[in-house]
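Chemist: Here is my input; please provide its structure:
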Amino acid sequence: MTPFKQKVIEIIRLIPYGRVASYGQVALYAGSPRAAREVGWILNEHGKDLPWWRVINKQGYLSIRGGSTYDKSLQKKLLEAEGVEVSEDFEVPIEKYRWIITPEEAQRVKLPEDYLENKIRPMGL
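Modeler: Residues are numbered from 1 along each chain as shown. Now for the predicted structure:
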């Protein structure tokens with residue numbers, strides 16, 4: 001397993017109950033800000049062991065498409081069971097429920113302090 005894949009899995013496991021993160025946000029926290037699509041591939045491959053339903057697209061939509069092992073109707077139910085609002089159009093008010101990594105969590109996934117300060121904090125994430 002690649003170091004990026006390992007870090008993505010660690011980060012997804014950190015997303016707390018009742019919170020969400022975007023694919024791009026997970027990629028950013030994993031050190032590859034342009035790898036949102038790869039986060040989706042990792043979830044498709046390893047999601048059964050992860051809280052996959054807590055990862056949504058950057059606009060707040062549940063964007064799982066047909067043919068996947070995972071289903072956006074199930075994702076909606078799982079998020080709602082955690083108290084996350086999801087509209088009939090499968091939209092979450094992402095800024096209300098967005099998880100922001102803490103400095104302690106960033107240390108746990110071995111994010112360099114300068115990366116946290118220079119890349120993540122200026123984006124408000």
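Chemist: now the chain, which segments are flagged as low pLDDT?
Modeler: Low-confidence segments of the chain (pLDDT under 70): 65-69, 119-125.
Chemist: Kindly recompute the last result at 90.
Modeler: 1, 31-34, 44-49, 63-72, 101-125 (pLDDT under 90).
Chemist: quick one, strands of it?
Modeler: Ranges of strands in the chain, per DSSP state E, are 21-22, 55-56.
Chemist: Including distance to residue 36 and mean neighbour count, could those strands go into TSV?
Modeler: Every residue, glycine included, has its C-beta placed from N, CA and C. Output for the strands of the chain, formatted as TSV (distance: least, Cβ to Cβ, whole Å; neighbours: other Cβ atoms under 10 Å):
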stretch	distance to residue 36	mean neighbour count
strand 21-22	7	24
strand 55-56	10	27
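Chemist: So for residue 77, which of those strands sits nearest?
Modeler: Using Cβ to Cβ as the measure, strand 55-56 is the one of these that comes nearest residue 77, at 14.1 Å.
Chemist: so what does the closest one touch, helix or strand wise?
Modeler: strand 21-22, helix 23-29 (3 or more Cβ pairs under 8 Å, 6 or more residues apart in numbering; DSSP states H and E).
Chemist: and the first one, how far from the chain's centre?
Modeler: How far strand 21-22 lies from its chain's middle: 4 Å, per Cα atoms, centre = their mean, to the nearest Å.
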